[in-house]
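Colleague: quick one, what's the 3D model for this:
(chains A and B)
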Amino acid sequence: MANQTRPAAGGKSSTFRRRFSRRKGCRFCGDKTLKIDYKEVRTLRYFVTERGKIVPRRISGNCAEHQRKVCEAIKRARNIALLPFTASHSLD
Amino acid sequence: MRTYEHIFIVHPDSVGDDYTAVLDKFKKILTDQGANILKVDEWGARKLAYPVKKQTRGSYVLLIFEAVADVIAEFERRLRLDEKIIKFQTILLPNGAELSTDEPAEEAPAAEGPAAEETA
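Modeller: I've put the predicted structure just below:
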């Protein structure tokens, strides 16, 4: 935990540590000015996959509270056609 | 009185006078019922993330207003009747408006709005 900032280059026996460096922690907790809003598709895009699935918490690093809010915002955005439900909506 | 945030999508074929007529009509429906419109934001024509009623584009209109709960039911009924509205969604702002710096956060009853949305 203490050496989270160190990338994989560290000489620490990182067998059960993360192999590759990954940004840790909830970005919404880190930056209180960030708002989760279903109308801001650009921030939400980060939390959906290319197929339109919601990125799980273990990948996105969100805390429970913010993941819940992100999740709800994505669902609202989907409902009003700001975000896709899936990538395969055929536009004819 | 509760504060709601409402988005509806106007059919892309209705432009100009048609479009303003639709907008005025629904604003009037709200004000006639004693709602207090705080903000109207027209996003203009945008591409939809998926086709709705065979349309791939639509004009988004965002309304923020104060109203009692009964107004929503009537308002949504009227929206459903109008063919120029292709989709809509009402969300309750639990902390009031806080003018445009709205926090969506949690909301309970208004979730019925989108859920009981027009038939897909």
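Colleague: B:Phe88 pairs with what?
Modeller: B:Phe8 (DSSP bridges).
Colleague: list the contacts for residue 78?
Modeller: Went with chain A since none was named. A:Pro84, A:Phe85, B:Ala49 (CB atoms under 8 Å, 6 or more residues apart in numbering or on different chains). C-beta coordinates here come from the backbone N, C-alpha and C atoms, glycine included.
Colleague: hmm, I had chain B in mind actually
Modeller: Remark: with contacts taken as CB under 8 Å, 6+ apart, B:Arg78 is in contact with B:Phe26, B:Ile29.
Colleague: now do the same for it: its pLDDT.
Modeller: You'll see B:Arg78 listed with a pLDDT of 91.
Colleague: tell me the secondary structure at it.
Modeller: helix (DSSP: H, G, I helix; E, B strand; the rest coil).
Colleague: from B:Lys27, how far off is it?
Modeller: 12 Å (CB to CB, to the nearest Å).
Colleague: sorry, back to before: ok, of the contacts of A:Arg78, which come out buried?
Modeller: A:Pro84, B:Ala49 (16 or more other CB atoms under 10 Å in any protein chain shown).
Colleague: let me have the contacts of A:Arg78 in JSON lines, extended by secondary structure.
Modeller: Listed next are the contacts of A:Arg78 as JSON lines, based on three-state DSSP:
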{"residue": "A:Pro84", "secondary structure": "coil"}
{"residue": "A:Phe85", "secondary structure": "coil"}
{"residue": "B:Ala49", "secondary structure": "strand"}
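Colleague: low-confidence stretches in chain A?
Modeller: Regions of chain A meeting the criterion pLDDT under 70 cover residues A:1-24, A:89-92.
Colleague: please list the residues of it that sit near chain B.
Modeller: A:35-39, A:69, A:72-73, A:76, A:78-85, A:89-92 (CB under 8 Å from any CB of the partner chain).
Colleague: and with 10 Å instead?
Modeller: A:35-39, A:41, A:52, A:68-69, A:72-73, A:75-92 (CB under 10 Å from any CB of the partner chain).
Colleague: count the neighbours of A:Lys32 for me.
Modeller: 7 (other CB atoms under 10 Å in any protein chain shown).
Colleague: how far away is it from chain B?
Modeller: Separation of A:Lys32 from chain B (CB to the nearest CB, to the nearest Å): 12 Å.
Colleague: just say helix, strand or coil for that residue.
Modeller: Applying three-state DSSP: A:Lys32 is coil.
Colleague: any residue of the helix ranked longest in chain B touching chain A?
Modeller: Longest helix of chain B, by residue count under DSSP state H: helix B:17-32. No - counting by CB under 10 Å from any CB, chain A has no neighbours in helix B:17-32; the shortest distance is 15.9 Å.
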